[in-house]
Every structure is written in structure tokens, then in C-alpha cells.
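> structure for this input, please:
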Amino acid sequence: MTDVEARADQARYVEELTDIEDDFDRWYVEVVKKSGLIDDSPIRGCKIIKPYGYALWEACVNYLDPQFKATGVENASFPMFIPRANLEREADHVEGFAPEVAWVTRGGGREFPESEWWAVRPTSEAVILPAFGRWIQSYRDLPLLINQWNSVFRWTDRPRAFLRTAEFLWHEGHTAHATADEAVERTLLMLEIFRAFLEEQCAVPTIPGVKSEAEKFAGAQRTYTVEAMMGGKKWALQAGTSHYFGDHFGRAFDVQFLDRDGERKYIESTSWAVSQRVIGAIIMVHGDDAGLVLPPRMAPIQVIGVPIFKNDEERARVEEALDAALGALAFAGVRTKADWSDQRSGWKRNEWELRGVPLRLEIGPRDIAAGAVTLARRDTREKEQVAVDDLATRVPVLLEQIQTDLLARARALLDENTKPVDEWEEFEERVAANRGFNLIRWCEDAACETAIKERTKATSRCQPLAGEPDPGPCLVCGREATGPRWVFARAGADGVAGLKVEGRRSSAARGTGVAYPLPRETFDLRPSDLRPPKGEQCSPPTISAPSARCRTRGSARTAGGWRSSSGRRCTARGPSRRGAASGSWTRWAGWPGR
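Model prediction:
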């Protein structure tokens, strides 16, 4: 096949894949499905991770688990259900997770009283800390360093594969310490492990930093993060977090120990995690118009063998040569696979490009005659002929070169699109144009942070740990900002993009300002939502938005807002209890484009 024919074949095979520059979101959705990573699930908000996608998660586990254990961490397993009373013991924690919690309200053929509901774990502090209270008696029991590999559930109606699904894979580390210094040291140690993992294994450079008060983990004293820049829109992704809790959870769950001085004290605790979201980061940082581009250290298959032959006689010779070549590579520690499927060689080339395999090894009768094979790089599509005898030494070097080049390319993306900004007009323009990370002076007043988010949709990502003091006027209010600059940027997956409308609150929650909805009563509303199915009612909602407009069935959206079938404009502000009681849904007035 000539180069012209090969390019024509490639165009045919990838023509259905959306151009990454035209529609990055659609490209992502198509790539994760067509490359065999993900499939849809019958459970709302959840995805099926197929073997090829799960192999990427196994690569995460295989790297991180030994790293954790090298620092003294041990693995354990805790129940997936949390008693309601446990979850309610820490107010900030439960309030932060209330909209996302799914509850078990019935079992064994009977309804549970509300006080006996079980939460499907959104995170495990409320089940692990009580166990720590039983295991820790004195300073001799500290530090206690525990990790568990599991999945958690956080209610969402708009899943995005690997980035935001109701159930997702992760690990969660939990540690208890005698002193604050030890706990902070552990928090930063785990953050460094995450940074090294993302950079060295995933070829994803990050900015380590500390989160703002508004963005930190519910119940944490400080949250540290590693922020990555995605390709396409150049939005931010929170790729891993490490939380310092102080003695906050120790007090909430009454975890005390007898210290060396004979006094009883509360433990200082930490929690830290990365999730399957790192797979999404790999896809979005390295992918291109042809599909995935996997870093060799993470790739389930590092070299795919593509045989080329025309008849049975050639096939026998090619099969023997390909088996020998891949066998030599496997002996050298390279992960290999041969594609003997009943497909044309052009289809195979483009299928494995779509799936992101770093190297393609092609061998046919002419290669056999020359005592060589053809290697093609996925990242650059460069080809080279390599003598069969040199494969076991050349391929590992080439794989490391690909790994290095991918990191360099990703670092260039981050560096070239991170810029100090001192003028509001420039900041607003950069955010609107998706031009990356903005380093701004911020006085750390929550009102200024909220103003930025409401006016531009950019959020505070972190204050870089490596940042230098750079005093000057706050970008928003003009007051003096004394510390290092903060990173502000758009983010596509950290939170729920729409407004949570929560159903009836339990009697235990009334008067606390915390809602505990049943899953069937939680709606995640967005501009694209359709009206409820005929006959469906929704309970009186609690809306935590600055304003709202309601519409009843039969209303229509116009340039002037929602209007009923009679033409009357609905101008309700705040929770429309009357409208909700009659079966209407509510919408926030601040939708994009309104």
C-alpha cells in the first residue's frame, strides 16, 4: 500500500471521530467509547469500565500502591454503607456531601426509620474515624496509616466518563498522628507522590498548591491539590488532593489518645486520594484527532504487532517472524500483543491508533527478507526500520523517548498558557477565549472569589506552593493582596455544572439547614433538561441559588424568559413552593446565555 493509499484509508477509518478543535467535548465522548474504554450502564449516572479502560486503572494501582506502602501505609477495607448518625456527626462534612448522598431506606422487606438510614459512602471519614477511635489508645498506636482501594457513590445526573460519574474508582488514604507537624508532613508527602505519579507515569505536569476556603474539602482545615491543564479548551482539572484535617475530625468522632505527657489529646488526621479522573486527564492532555495517545508507562499494550500478508504461505512465514519479534520484546519487559483479527491491515493501523498504543510493529514478506521490522510511533507517526536482532534494545529506548516527548509537549502546553494577569478586561477576555491559567492577585476575600465565578465562570484552582510573594492590588476590589498569586481558570469536571434541587428534608435535618434527599428526589437541572415525564410530580424543593424562575408544564421559553401557555411571564424569585407543589420544575435564572 502506498503512502497516499494509507492516508486515504486513515481518513475513512477516522472520519466519524469529531475534530478535536471543532468540538472538544464531543471528541472526548466519542474517543472513550470508540477506543473501547467505556460503555453505557443501565444505572443512571454510572458507566461500565471495559477491560482496556480498567487496565489503565490497574496501571495507576500498580504504581501508587507500592509507593504508599514504602511510606508505611497499610491497606484495609471498610463497609460501603455508613450509618446516618455517623455521617451527621461532623456538620461541615455532611452539609458538603448532602446533595450527593444516596440513601438505603429499605432492606429485608421493611422500611427503615429515617434515623436508621444507611448512606452509600460518598467518602469514608464517617466510618473510618470511629474505627480509629477503637484502635488508638495511646501515642504508641500512632501514627496510624491506612489506605483502601474502593469505589464511592456521589449522586449525579450528568455523568462524564472517568471525570464525573455517580460511582467511581479511587483510593482513599486516612492517617492519624500525634502532632500537627506530623500530619502536615504526611499531607504534603502524599501530594508529592501524586505529583510524581502524574508527571513520571502519566506525562501530565501539574501545579501543586493549596485550595481556597471555598474550594477546600468539606471539614478540612487545608486542602492541597495538583492542578493539570487539559488540551482543547485548556481548562483545569483537579487531578489529586491531599487534606489536612487538624484535630477537627478527631473531635467530631471523639478519637483521643494518651500522650507521652500523660494528657489525653485529640488526633491530628489527614486524608488523600486520586481517582479514575487521572485517566480522563491522560486522554485530554495527550489525545489528538485520531484518538488516544497513551504514555508508554501507562499503556496496557506498548507494542501492537500488525502482520501483513496476501496468502496462506506468506501468513505462515509472517506469523513465525512476528511471534519471534514479539517474544523477544516480551522477554525484555515490553507489553505486546499481535492483531490476527480478520481485518485489513489499514483498519488495524487506524484501530490501534485510535486506542493509543505507543508503538506499532509491522512485518511482512519484504521485512522478513530484509531481516527487519517497521516501527511506527503513535505520537508523531514517524516510522523507522529496525533490524530484528536490535529490537530488544531499540524498542525500550524508543518507548522512553515517547514518554519524555509527551511530557515535554504537555509541559509546553501548561507553560505557554499560564500567564500573570493584572487587568480585569484581559482576565475576562482570556477566560472567555479559553486561553488557559491566569495568575492573578487576589485579596482572599470570599466575595471577590464569588464575583469572579459569577461573572466569568472561572474558579480559584490553587495558590501554587512554589509561588513567590507578589504584593499588589486585588484584581477585583483593588485592596492589597500580599501573598503569591492565585491560579484562576475554568474547570470542566470538578463540580456539578447545574443547580441541585433537593427533595423533601428529613425530620432530623429540619432546622439544621442541611438537606438529606432520597436519590429519586434529587434533580440536576441544566438548560438542556426536558420537562418531567407526563404525570411525574416533584416534591417541594430547597434551592440554594440567588434567584430562580419556575415554569409549569405547558410553558415555553422566550427571549423575555419563561412564559406559561397563556403568555403570562413567570417571575418567581427564590424557591417557588407553590409552583413545585403543583408539579412544576424550577430553573436558575443565571443559566449560560440567559
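> quick one: least confident helix or strand in this structure?
strand 499-502 (a mean of 26; mean pLDDT, DSSP states H and E).
> that's a helix at Ile282, yeah?
Yes: according to DSSP: H, G, I helix; E, B strand; the rest coil, the state of Ile282 is that of a helix.
> surely it is in contact with Cys202?
Yes: using Cβ atoms under 8 Å, Ile282 is in contact with Cys202, at 5.3 Å. For the C-beta atoms, the positions are set from N, CA and C on the backbone; glycine is no exception.
> joint contacts of the two?
Common contact partners of Ile282 and Cys202 (Cβ atoms under 8 Å, 6 or more residues apart in numbering): Pro295, Met298.
> any low-confidence regions in the stretch 451-594 of the chain?
Applying pLDDT under 70 to the stretch 451-594 of the chain flags the ranges 493-594.
> no wait, the chain
In the chain (pLDDT under 70), the answer is 1-15, 90-94, 96-97, 493-594.
> longest helix of it?
Scanning the chain for the helix with the most residues, using DSSP state H, yields helix 391-416.
> strands paired with whatever helix or strand comes next after that helix, and their directions?
As assigned by DSSP states H and E, the chain's next helix or strand after helix 391-416 is strand 418-420. Note on strand 418-420: by DSSP bridges, its sheet partners are strand 437-440 (parallel).
> give the next helix or strand downstream of the partner strand.
Note on strand 437-440: by DSSP H and E, the next helix or strand toward the C-terminus is helix 446-456.
> tally of neighbours for Gln463?
20 (other Cβ atoms under 10 Å).
> any idea how far the most centrally placed residue in the chain is from Lys216?
In the chain, the centroid-proximal residue (Cα atoms, centre = their mean) is Arg277; its distance is 2.7 Å. Distance, Arg277 to Lys216, by Cβ to Cβ, to the nearest Å: 18 Å.
> for the helix or strand encompassing Glu384, output the C-alpha coordinates as PDB.
According to DSSP H and E, Glu384 maps onto strand 383-387. The C-alpha trace of strand 383-387 is given here as PDB (Å, rounded to 0.1, in the frame of the first residue of the first chain):
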ATOM      1  CA  LYS A 383       8.400   5.300  11.000                       C
ATOM      2  CA  GLU A 384      11.800   3.500  11.100                       C
ATOM      3  CA  GLN A 385      13.100   0.200  10.100                       C
ATOM      4  CA  VAL A 386      14.900  -1.800  12.900                       C
ATOM      5  CA  ALA A 387      16.900  -5.000  12.500                       C
END
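> could you tell me how many residues sit around Leu354?
For Leu354, using other Cβ under 10 Å, the count is 21.
> hang on, I meant Pro473
Neighbour count of Pro473, defined by other Cβ under 10 Å: 13.
> at which residues are the strands of the stretch 101-250 of the chain located?
Applying DSSP state E, counting those that start in this stretch to the stretch 101-250 of the chain gives strands spanning 102-104, 106-107, 110-111, 118-120, 144-153, 167-177, 206-210, 222-229, 236-246.
> so how far is the fourth one off the chain centroid?
What that stands for is strand 118-120. Chain-centre distance of strand 118-120: 23 Å, with Cα atoms, centre = their mean, to the nearest Å.
> who does that strand pair up with?
strand 81-83 (antiparallel), strand 102-104 (antiparallel).
> do the same with the third one
The strands beside strand 110-111 in its sheet (DSSP bridges) come out as strand 106-107 (antiparallel).
> need the contact partners of the partner strand.
Phe112.
> quick check: buried residues in stretch 135-154?
Within stretch 135-154, the residues that count as buried by 16 or more other Cβ atoms under 10 Å are Ile136, Leu142, Pro143, Leu144, Leu145, Ile146, Asn147, Gln148, Trp149, Val152, Phe153, Arg154.
> okay, the residues you listed in TSV with distance to Glu21 next?
Converted to TSV, these look like this (distance: Cβ to Cβ, whole Å):
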residue	distance to Glu21
Ile136	54
Leu142	53
Pro143	49
Leu144	50
Leu145	46
Ile146	45
Asn147	40
Gln148	41
Trp149	37
Val152	35
Phe153	35
Arg154	32
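> just give me the closest of these to Gln221.
Nearest to Gln221 among those: Pro143, at 17.4 Å, using Cβ to Cβ.
> count of neighbours near the nearest residue to the closest one once chain neighbours are set aside?
Excluding its sequence neighbours, the residue lying closest to Pro143 (Cβ to Cβ, 6 or more residues apart in numbering) is His177, at 4.9 Å. Using other Cβ under 10 Å, His177 has 23 other residues around it.
> same check on Ala481?
By the measure other Cβ under 10 Å, the count of residues near Ala481 is 24.
> how about Thr179?
By other Cβ under 10 Å, the residues close to Thr179 number 15.
> what sits against it?
Per Cβ under 8 Å, 6+ apart, neighbours of Thr179: Glu268.
> where exactly do the helices run in the stretch 151-300 of the chain?
Assigned by DSSP state H, counting those that start in this stretch, the stretch 151-300 of the chain shows helices spanning 180-196, 248-252, 277-286.
> if we can go back for a sec, what is the neighbour count of the closest residue to the residue nearest to the centre of the chain other than its chain neighbours?
In space, and not counting its chain neighbours, Arg277 is closest to Leu163: 5.6 Å by Cβ to Cβ, 6+ apart. For Leu163, the count of nearby residues is 22 (other Cβ under 10 Å).
> tell me if I'm right that Leu163 and Gly280 touch.
Yes: contact criterion Cβ under 8 Å: Leu163 and Gly280 qualify, at 4.3 Å.
> re earlier: pick the most buried one from the helices of the stretch 151-300 of the chain.
Highest mean neighbour count among the helices of the stretch 151-300 of the chain (mean count of other Cβ atoms under 10 Å): helix 277-286, with a mean of 26.
> helices or strands up against that one?
Contact analysis of helix 277-286 by 3 or more Cβ pairs under 8 Å, 6 or more residues apart in numbering; DSSP states H and E lists helix 24-34, helix 51-70, strand 222-229, strand 236-246, helix 391-416 as its packing neighbours.
> quick one: contacts for Asp390?
By Cβ under 8 Å, 6+ apart, the contact list for Asp390 is empty.
> buried set for stretch 452-465?
Quick answer for stretch 452-465 (16+ other Cβ under 10 Å): Ile452, Thr456, Ala458, Thr459, Ser460, Arg461, Cys462, Gln463, Pro464, Leu465.
> report the two of those residues separated the most.
The distance between the two most remote of these (Cβ to Cβ) is 24.8 Å, for Thr456 and Leu465.
> quick one on the thing from earlier: quick check: angle from the strand holding Glu384 to helix 391-416?
Inter-element angle recorded for strand 383-387 and helix 391-416: 150 degrees (by axes from the mean of the first three to the mean of the last three Cα atoms, to 10 degrees).
> the longest helix of the chain versus strand 206-210: what angle between them?
Using the same axes, to 10 degrees: helix 391-416 against strand 206-210 is 50 degrees.
> for the closest residue in space to Pro471 that isn't next to it in sequence, grab phi and psi.
Leaving aside its sequence neighbours, Pro471 sits nearest to Thr482 (Cβ to Cβ, 6+ apart; 4.9 Å). Main-chain torsions, Thr482, degrees, to the nearest 10: phi -100, psi -30.
> tell me, how many residues neighbour the residue lying closest to Leu189 once chain neighbours are set aside?
Nearest residue to Leu189 in three dimensions, chain neighbours excluded: Thr71, at 6.4 Å (Cβ to Cβ, 6+ apart). Residues contacting Thr71 under the criterion other Cβ under 10 Å number 13.
> Thr71 touches Glu192, doesn't it?
No: counting by Cβ under 8 Å, Thr71 stays clear of Glu192, with 10.4 Å between them.
> perfect, I'm done here.
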